[in-house]
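Trainee: what's the 3D shape of this:
(2 chains)
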Amino acid sequence: MREFIRPIFVIAWKDIMLELRTKDIMVSALIFALMVIVIFNFALNITPATVEYLAPGILWLAFAFAGVLAMGRAFIAEGDKGSLDGLLLCPVSRDAIFFGKMISMFIFMVVIESLVLPIFVVLFNFDSISFNLIGIIFLGTLGFATVGTLFSAIAFNLRSREIMLPLLFFPVVTPIIIGVVEASSGVITDTVNIIGIGRWVGLIVVFDAIFLVVCPWAFGVAMEE
Amino acid sequence: MRFLFLLVVFILLSINVFLIFMWAPTEVHMGHVQRIFYIHVPSAWIAFLAFGIVFFGSIQYLRTREQKWDNLASASAELGVVFTTLVLITGPIWAKPVWGIWWTWDVRLTTTLVLWLIYVSYLMVRSYSGNHYQGSRYSAILGIIGVINLPLVYFAVNWWNSQHQRLVLGVGSTESGLHPDMKTTLYFSLLAFSSLFVYLLWFRVSLKRTEDMVRQNVPLDMDN
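Mentor: Numbers count the residues shown, from 1 in each chain, chains lettered A, B, ... in the order given. Okay, here's the model as predicted:
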């Protein structure tokens, strides 16, 4: 067990160190998420009366767009000087590489979200933050990071990878986007009972569970040479 | 052999056109626009069959790594996208006069649209990948994930839809009280479309086999 866990954290730590030194992903994705929110403000004319109804959609679109931007970078750093080949030659299983990449991706996204959320609160006088909402954000981000890691590895090897990643990613994560927006909306507006929210959380958990099994397998198939 | 098959398909489709436009009775409420149903439903059925074949072919390809399974899966994906496109075009044409709207975010419509997007990106992955084997592997992964994801999309959209809007049909559902002649026309249309699909699939797979031979510099056998 230890032999399986250790390489995962070594790979994740390597990515986090790299990010702490270059700040390539975080800064661009964070600014991009803020841009999305500012543009939505003009497009939808958000007022204190409507913010509760619009917040879930805006927040999740900002998270998803910033997430895709960050995922696109996840394997580009590896492409430099053939370090992806070096990583694949390491005497660790493909699953370990996948989970290492996924964990660093998950952490990047959570950090971006934890910076975007307070700014959103300030900008729109949005005071419906709760532990339930944060739990839903965690579960949703887990699904995003799992599917995103697989597709960023696939898109990395394709021509016009910048456009292929969102094209692959968004149709597959449709159920989770519906689930997180509905669950967040239920928590924020407090109009849906706990069973209604539980159903959506259940869908997100099932999605996460299925893709936590399928994606490492698919990653192994995609990365074989 | 293939020419004979093509002839049969052509005859079946000609009879189908006759049945749809001449023989099938006109629907009382919807009028002639209902006849698009005989094209819409078989297309949807063929599309789902095609994506089922993609799923099967993808699994077999990843298991055995034999080129023939990849050829089957990718040929079927191309046809599936074509027939899903037909479904998505004929649907709104029928819906506008009958429901009064082109589109509604109903579970079947939305799931079909998401399915279409997944398989369009399946075809894009193939054409954008650097080498042939990589493209085959990547698209096989997508062919499998697309089908695994399908029930999740269906449930998500179904729950989401029931919370936001309910579809109120202007006219009673067509499936309930079909005239026997309408049923016959529909079943015949299913048969005709299926034979067209089998022919196109056969044609496309053999074309892909020829492409493989060209890629591997095998002398072509032109009688094939």
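Trainee: which residues sit against stretch A:76-95?
Mentor: Stretch A:76-95 is contacted from outside by A:4, A:7, A:11, A:15, A:18, A:24, A:75, A:97, A:156, A:216, A:219-220, A:223-225, using CB atoms under 8 Å, 6 or more residues apart in numbering or on different chains. To be clear about C-beta, it is placed using only N, CA and C from the backbone, and glycine gets the same treatment.
Trainee: Check the offset of that stretch from the chain's centre.
Mentor: Computed by CA atoms, centre = their mean, to the nearest Å, the separation of stretch A:76-95 from the middle of its chain amounts to 22 Å.
Trainee: Looking at it now, give me its mean pLDDT.
Mentor: The pLDDT scores in stretch A:76-95 average 81.
Trainee: How about stretch B:150-163?
Mentor: When pLDDT is averaged along stretch B:150-163, the result is 81.
Trainee: which of the residues in the stretch of helix or strand B:Ser206 belongs to are buried?
Mentor: According to DSSP states H and E, B:Ser206 maps onto helix B:180-215. For helix B:180-215, the buried set under the neighbour-count rule, 16 or more other CB atoms under 10 Å in any protein chain shown, comprises B:182, B:185-186, B:188-190, B:192-197, B:199-201, B:204-205, B:208.
Trainee: if I pick the residue nearest the centre of chain B, what's in contact with it?
Mentor: Closest to where the C-alpha atoms of chain B average out (CA atoms, centre = their mean) is B:Ala47, at 1.8 Å. With contact set as CB under 8 Å, 6+ apart, B:Ala47 has these partners: B:80, B:83-84, B:86-87, B:112, B:115.
Trainee: Chain B against chain A: which residues are in contact?
Mentor: B:62, B:114, B:117-118, B:120-121, B:124-125, B:128-130, B:134, B:137-138, B:140-142, B:144-146, B:148-149, B:152-153, B:155-157, B:159-160, B:163 (CB under 8 Å from any CB of the partner chain).
Trainee: Any stretches of the chain with poor pLDDT?
Mentor: With no chain named, the answer covers chain A. Chain A contains residues with pLDDT under 70 at A:192, A:225.
Trainee: look at chain B instead
Mentor: Looking at chain B by pLDDT under 70, you get B:162-177, B:220-224.
Trainee: for the residue in chain A sticking out farthest from the centre, helix, strand, or coil?
Mentor: Most distant from the centre of chain A: A:Ala49, at 29.1 Å, with distances by CA atoms, centre = their mean. Following DSSP: H, G, I helix; E, B strand; the rest coil, the label given to A:Ala49 is coil.
Trainee: What's the biggest helix in chain A, counting residues?
Mentor: helix A:94-124 (DSSP state H).
Trainee: got the buried residues for that one?
Mentor: A:94-113, A:116-117, A:120, A:124.
Trainee: these two touch, right, B:Trp102 and B:Thr90?
Mentor: No - counting by CB atoms under 8 Å, B:Thr90 is not a contact partner of B:Trp102; they are 11.9 Å apart.
Trainee: Looking at these two, which is more packed in?
Mentor: B:Thr90 (18 against 11; other CB atoms under 10 Å in any protein chain shown).
Trainee: Confirm that one sits in a helix?
Mentor: Yes - looking at B:Thr90 with three-state DSSP, it is inside a helix.
Trainee: Report the spatially nearest residue to it, omitting neighbours in sequence.
Mentor: B:His40 (4.3 Å; CB to CB, 6 or more residues apart in numbering or on different chains).
Trainee: Now residue 69: which helix or strand?
Mentor: Here I'm looking at chain A. helix A:51-74.
Trainee: not quite, I wanted chain B
Mentor: Using DSSP H and E, B:Trp69 falls in helix B:67-99.
Trainee: Tell me the residues of chain A that contact chain B?
Mentor: A:150, A:154, A:157-160, A:164, A:167-168, A:170-172, A:174-176, A:178-179, A:182, A:196, A:199-200, A:203, A:206-207, A:210, A:214, A:218, A:221-222, A:224.
Trainee: what about 7 Å?
Mentor: A:154, A:157-160, A:164, A:167-168, A:171-172, A:174-175, A:178-179, A:182, A:199, A:203, A:207, A:210, A:214, A:218, A:221-222 (CB under 7 Å from any CB of the partner chain).
Trainee: Can you select the buried ones among those for me in ChimeraX?
Mentor: Typed into ChimeraX, the line below selects the buried ones among the residues of chain A next to chain B, using 16+ other CB under 10 Å:
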select /A:154,157,158,164,167,168,171,172,174,175,178,179,182,199,203,207,210,214,218,222
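Trainee: In strands, which of the residues of chain A next to chain B appear?
Mentor: Among the residues of chain A next to chain B, no member falls in strands (DSSP state E).
Trainee: Now intersect the residues of chain A next to chain B with the helices, please.
Mentor: Assigned to helices by DSSP H, the following of those qualify: A:154, A:164, A:167-168, A:171-172, A:174-175, A:178-179, A:182, A:199, A:203, A:207, A:210, A:214, A:218, A:221-222.
Trainee: Quick check: phi and psi on B:Met30?
Mentor: When quoted as degrees, to the nearest 10, the phi and psi of B:Met30 stand at phi -90, psi -20.
Trainee: Apologies, that question was intended for B:Trp105.
Mentor: Main-chain torsions, B:Trp105, degrees, to the nearest 10: phi -80, psi 50.
Trainee: so the residue nearest to it when sequence neighbours are not counted is in which element?
Mentor: Nearest residue to B:Trp105 in three dimensions, chain neighbours excluded: B:Asn161, at 6.3 Å (CB to CB, 6+ apart). In the assignment (DSSP H and E), B:Asn161 maps to helix B:132-164.
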